[in-house]
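# Give me a 3D structure for the following:
(2 chains)
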Amino acid sequence: MEERYYPQKIEEKWQRIWEEKKSFRVTENPNLPKYYLLEMFPYPSGRIHMGHVRVYAIGDVLARYKRMKGYNVLHPMGWDAFGLPAENAAIERGIHPAKWTMENIAYMRDQLKKMGISYDWDREIATCDPEYYRWEQLIFIRMLERGLAYRKRSTVNWCPSCQTVLANEQVEGGRCWRCESEVTKRDIDGWFFKITAYAEELLDWCDRLTGWPERVITMQKNWIGRSEGAEFDLAVAGHPDLKIRVFTTRPDTVFGMTYAVLAPEHPLVDDLVTGPGGRAEVERFRAEVLKQSEQERIAEDRPKRGLRLSARLVNPFNGVEIPLFIADYVLMIYGTGAIMAVPGEDQRDWDFAKTHNLDIIKTVSRRLGWTGEAYTGDGIKINSGFLDGLTVAEAKRRVIDWLVERGLGEGKINYRLRDWGISRQRYWGAPIPVLYCEACGMVPEKEENLPVVLPRDVQISGKGGSPLASHPAFVSAACPRCGGRARRETDTMDTFVESSWYFLRYCSPRYEDGMVERGAADYWMPVDQYIGGIEHAVLHLLYARFYTKVLRDLGLVKVDEPFKALLSQGMVIKGGAKMSKSKGNVVADDVIREAYGADTGRLFELFAAPPEKDLEWSDQGVEGAYRFLTRLWRFTFQYREALRRANSELAREADTPQLKELRRLIHRTIKKVTHDIEGRFHFNTAIAVLMELFNSLSLAAKDESQLEQGTDLIKSGLETIIVLLYPFVPHITSELWENLGQDKTLTEVRWPSYSEDALEEERLLVVVQVDGKVRGRITVPADASSESIEAEALADPKVRGFLAGKEIHRVIQVPRRLVNIVLEG
RNA sequence: GCCGGAGUGGUGGAACUGGUAGACGCGCUGGACUCAAAAUCCAGUGGGGCUUGCCCCGUGGGGGUUCGAUUCCCCCCUCCGGCACCA
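Now for the predicted structure:
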């Protein structure tokens, strides 16, 4: 053993040993409890920096810990390898996306290995591999058969910079999730996955995902946006053939409707507008709305624009005729695209009614002292015919019954969630396996022809339109049904499709007869612990849940949910901003490794903050982590000869009080570290107690008499630190362990257990309070009775000073911990 | 606007279920070693007061419950995140 700690040398050594011994390779073993641990796989964008390392370091602690606890741990890694940056690199630098991607993967794989992350590299996958996406194409065809994948023309989100369509989840505040360009609208044909068919189930299961953070669940629930209400028809006065269906969450307020509104693009508008003058006006209004929706959508307090139509509707509940408008505040994409307006109990309707001088009827008695405008609270129904005197909830039920009895409407549930648009007008993605035949129309590719391989020989210009469309050999093909001339679909799939099932492929990554080998998936799934950034709260995490349910219904897997528990780790911040290449504030992993080693980088990131919080990068913090490891190294070096001769196995009953305390501390540390890792992932406090134990150990070893009498115990303490620290800093601990003369390596060592007996103290420190303020501390025998503790507390000279001349009112005791003497007055 | 989350020393952060606030680390101050520096080691480090041993104050602000509140309840302030005309 060398006196100095040379991290690079030992890190290389142990990484080589782990690789040669295939230490982290796993196979299904029904005799062992399984643990599937997964970090969100990265997009191979170039290089990993210390901002990325955090999630892998967190994952690696759990992986190594769980192995030591005897679990069969699946801990795989792969690459979310399709996506736009690869194409952009091709455009900017003339490198083929495939080449660029594969080179990045090679570089990043090497980086992860050098950080010592314990993956089963034999399971590595890349989603751009045809052997990967072929199964996705097969599932696409299955979904097509079941109506879960469909094609339609619709108004979609278009990113002008990425030159492609975006799903609703991929638009954040009107901007593209990846490039932050302002998103525009476009009418376009495209493919959709019917995620709305699973809206109810996705929502229901939210409450059963008990291992997920509350805020992610809340975000998913909000995104799905369930609202319960009623749908019914309003007749058009003088047009017996026409009726307008409206959706409301407040069926109890039907007697308060004073007008109705259609979305400007509602299809019935054309039927209701008579005369060329009217039509022109409608067209003008529509154009205005369309224009403003781009810029002014986010503007606050923007007035609600509307146009009154000549037609009048009839309120079926009281026969009253009401005016009809088209207005920008009603959206075609939600509900029926038409509403009954109740200004008395809806603020939006109130605002509109005020600007257009419309009647306001109150149908709920206001809470005492109410001074607001529209009232949305609870109360008793008024001005509401047969509903008068009922509560809001009762009235809702009564109205729905009334509608059903007369065949005019029904109870109805609407969702905010919309179907997932998966068409991308780009090259570097998985081809959608369908063709358009001149005779047969749209036809899926034959299963035996899968995969539909993405051709390599394309011209990537970035000038609008997919390069696939100008690749004749790809586009023109024989119809799988009639053999006639057909044209291949040139849209590729959203890359979120690949990431919706990669966790399944890891179970049997080389399986050739299907997406996933049933036995392997049944053994490993679900993922026991998933770790990733909060930015995917409704993107990837919602898609993956949906896709898993589809695969379950197709009979491929038996789980209902893919991820049993989720840990959303915080960002790494430097200089007030998230560490990222574009911000120019990255700390390169190799710089850290060269200066301090991978273990130091890991230790710092694990120690500086609990995983769910943002972590502030600190060069001095890194120094601190390095200092600790260096001290541990020096300590082992200094005492290793003495300790080698000791026998920690037999660590005999320590005889001095200090050694007894040290022994307790060792067991307390095992207990605390175990609990901190296991229950709440608080690695920072786990590391802190290990530092404490080390400080005590250093102090004990410095004392000649203690070192002599307690060699066994000190050895046992050092071994405990090394073993407990192994999941955090695997290289240095492996090396120190070897140098203590151990023949097993730490990959084979079990997590230590603690004994409750050893935790037992002989004397207890009891805090004495007078009127809730700490006034003294006494030590008592562990078996002291509460009476004797009280007596001793009252006898304490410091405490007595506060009692002089006062009368004791009562004494409260927390057993073994605290006595509070409450005085009179 | 609605829904979440968070405010603790100079600093990153501790404090289990209401029971010694500030563990551990960083920084800082003083000391040892050294010709000197770095590294290392030792001691101190929430604020204020003085009789140097204690006392008072202190977890964003104000109130409450309690023998006792960083922890529970109410109101307010600030910051962060999500959604945002979804009927």
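
# low-confidence ranges in chain A?
Low-confidence regions of chain A, defined by pLDDT under 70, span residues A:292-302, A:462-464, A:648-655, A:825.

# and the longest helix for it?
In chain A, assigned by DSSP state H, the helix with the most residues is helix A:619-645.

# And that helix, what's buried?
A:621-622, A:624-626, A:628-630, A:632-633, A:635-637, A:639-640, A:643 (16 or more other CB atoms under 10 Å). For every residue, glycine as well, the C-beta is placed using N, CA and C.

# and RNA strand B, which of those residues contact it?
Filtering the buried residues of helix A:619-645 for neighbours of RNA strand B using CB under 7 Å from any atom of the strand leaves A:621, A:624-625, A:628, A:630.

# Wait, a strand at residue A:38?
Yes - according to DSSP: H, G, I helix; E, B strand; the rest coil, the state of residue A:38 is that of a strand.

# and it, how many residues sit next to it?
Using other CB atoms under 10 Å, residue A:38 has 22 other residues around it.

# same check, this time on the one 3 residues further on
By the measure other CB under 10 Å, the count of residues near residue A:41 is 22.

# Now do the contacts for it.
A:77-80, A:499, A:502 (CB atoms under 8 Å, 6 or more residues apart in numbering).

# Closest to residue A:731 out of the residues you listed?
Residue A:731 lies nearest to residue A:77 out of the contacts of residue A:41, by CB to CB, at 18.6 Å.

# got a list of what the closest one touches?
So residue A:77 contacts A:39, A:41, A:109, A:112, A:117, A:119, A:121, A:123-124 (CB under 8 Å, 6+ apart).

# Mind telling me which residue of the stretch 1-150 of chain A is nearest RNA strand B?
Closest contact between the stretch 1-150 of chain A and RNA strand B, by CB to the nearest atom of the strand, is at residue A:4 (9.9 Å).

# what helix or strand does that residue sit in?
Assigned by DSSP states H and E, residue A:4 belongs to neither a helix nor a strand.

# quick one: residue A:645 and RNA strand B, what's the gap?
Separation of residue A:645 from RNA strand B (CB to the nearest atom of the strand, to the nearest Å): 24 Å.

# Quick check: chain neighbours aside, which residue is closest to that residue?
residue A:711 (7.5 Å; CB to CB, 6 or more residues apart in numbering).

# give the contact list for that neighbour.
Per CB under 8 Å, 6+ apart, neighbours of residue A:711: A:642-643, A:645-646.

# For the stretch 101-250 of chain A, which segments are assigned as strands?
According to DSSP state E, counting those that start in this stretch, the stretch 101-250 of chain A carries its strands in the segments A:125-126, A:149-159, A:164-166, A:171-172, A:175-176, A:184-193, A:226-236, A:239-248.

# The stretch 401-550 of chain A too?
Taking DSSP E, counting those that start in this stretch as the criterion, the stretch 401-550 of chain A carries its strands at A:409-415, A:420-421, A:423-424, A:434-437, A:441-444, A:476-478, A:485-488, A:492-493, A:529-533.

# and of those, who's closest to RNA strand B?
Nearest of the strands of the stretch 401-550 of chain A (CB to the nearest atom of the strand): strand A:409-415, 5.7 Å.

# Show me where the stretch 401-550 of chain A has its helices.
With DSSP state H, counting those that start in this stretch as the criterion, the stretch 401-550 of chain A has helices at A:472-475, A:495-498, A:502-505, A:518-524, A:540-553.

# Spit out the contact partners of the closest residue to RNA strand B within the stretch 601-750 of chain A.
Here the stretch 601-750 of chain A gets closest to RNA strand B at one residue, residue A:624, 2.7 Å apart by CB to the nearest atom of the strand. Shown in contact with residue A:624 (CB under 8 Å, 6+ apart): residue A:604.

# what's the spacing between the nearest residue to residue A:49 once chain neighbours are set aside and RNA strand B?
Excluding its sequence neighbours, the residue lying closest to residue A:49 (CB to CB, 6+ apart) is residue A:586, at 4.1 Å. Counting by CB to the nearest atom of the strand, the gap from residue A:586 to RNA strand B is 19 Å.

# One more: residue A:222?
Taken as CB to the nearest atom of the strand, the span from residue A:222 to RNA strand B is 6 Å.

# Likewise for residue A:334?
Applying CB to the nearest atom of the strand to residue A:334 and RNA strand B gives a distance of 4 Å.

# Does that residue touch residue A:414 like I think?
Yes - using CB atoms under 8 Å as the test, residue A:334 is close enough to residue A:414 to be in contact (6.9 Å).

# Which neighbours do those two have in common?
residue A:247.

# now, among the buried residues of helix A:619-645, which is nearest to residue A:163?
Nearest to residue A:163 among these, with distances taken as CB to CB, is residue A:622, at 41.7 Å.

# check contacts around the closest one.
Residue A:622 neighbours (CB under 8 Å, 6+ apart): A:592, A:596, A:600-601, A:604.

# Repeat the analysis, applying 7 Å as the threshold.
Contact analysis of residue A:622 by CB atoms under 7 Å, 6 or more residues apart in numbering lists A:592, A:596, A:600, A:604.

# My guess is the third one contacts residue A:629. True?
Yes - checked against CB atoms under 7 Å, the pair residue A:600 and residue A:629 is within contact range at 6.1 Å.

# pretty sure residue A:604 contacts residue A:625?
Yes - assessed by CB under 7 Å, residue A:604 is found in contact with residue A:625 at 4.0 Å.
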